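*Asks:* Next one to model:
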Amino acid sequence: MTGAVPQADVLAEFPNESVPDGAVFGPHHAYIGVLLALLAVAVVWDNAPQKEPLATAAALLGATFAFATVWPFYSTTGALLALAGIMVAIVALFALPFWNSYAWFGPRGLAILGALIALDDVLEHAFGVPTPLDWLWKAHIVQHIH
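*Replies:* Numbering: from 1, shown residues only. Now for the predicted structure:
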């Protein structure tokens, strides 16, 4: 097959960074996004008897665990788990009946915003693609600091 890329070569390039920014405990907006989403989860946790947003919380915490502790040692597995955790959280926020009673501009919207902020950072480190928040940081904020 001409032009076919062997699977091993594709996997060798994923993730783009073996350790996000070379410092997994640096100021990543993945952590800011997850904290924002978990704040929304905490606000609604006890609103309905015997119903908690457990899937959303577990997915966010799993993504954070993968980003912070798995990625630096097993980069492919950590990146995949971090991506999967955030995606599961986003799907849960849109699909689970628990969230249907919450407004888009309330806790549900805050949780979605937080998950998207976290996703932005994880995508950038996993695939090496420019993302909106990294572009904003590099193009506008860092320029004005220096």
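*Asks:* Going by C-alpha atoms from here, please, whenever you check contacts or count neighbours.
*Replies:* OK.
*Asks:* residue boundaries of the strands in this protein?
*Replies:* In the chain, no strands are found when defined by DSSP state E.
*Asks:* how about low-confidence regions in it?
*Replies:* Scanning the chain for pLDDT under 70 picks out the ranges 1-12, 139-146.
*Asks:* Distance of Leu93 relative to Ala111?
*Replies:* As judged by Cα to Cα, to the nearest Å, Leu93 and Ala111 stand 8 Å apart.
*Asks:* neighbour count winner among these two?
*Replies:* Each of Leu93 and Ala111 has its neighbours counted (other Cα atoms under 10 Å); Ala111 has more, 26 against 21.
*Asks:* In contact with the residue lying closest to that one once chain neighbours are set aside, which residues?
*Replies:* Taking Cα to Cα, 6 or more residues apart in numbering as the measure, Ala111 lies nearest to Ala37, with 3.8 Å between them; neighbours along the chain are not counted. Taking Cα atoms under 8 Å, 6 or more residues apart in numbering as the criterion, Ala37 is in contact with 60, 110-115.
*Asks:* Lovely, talk soon.
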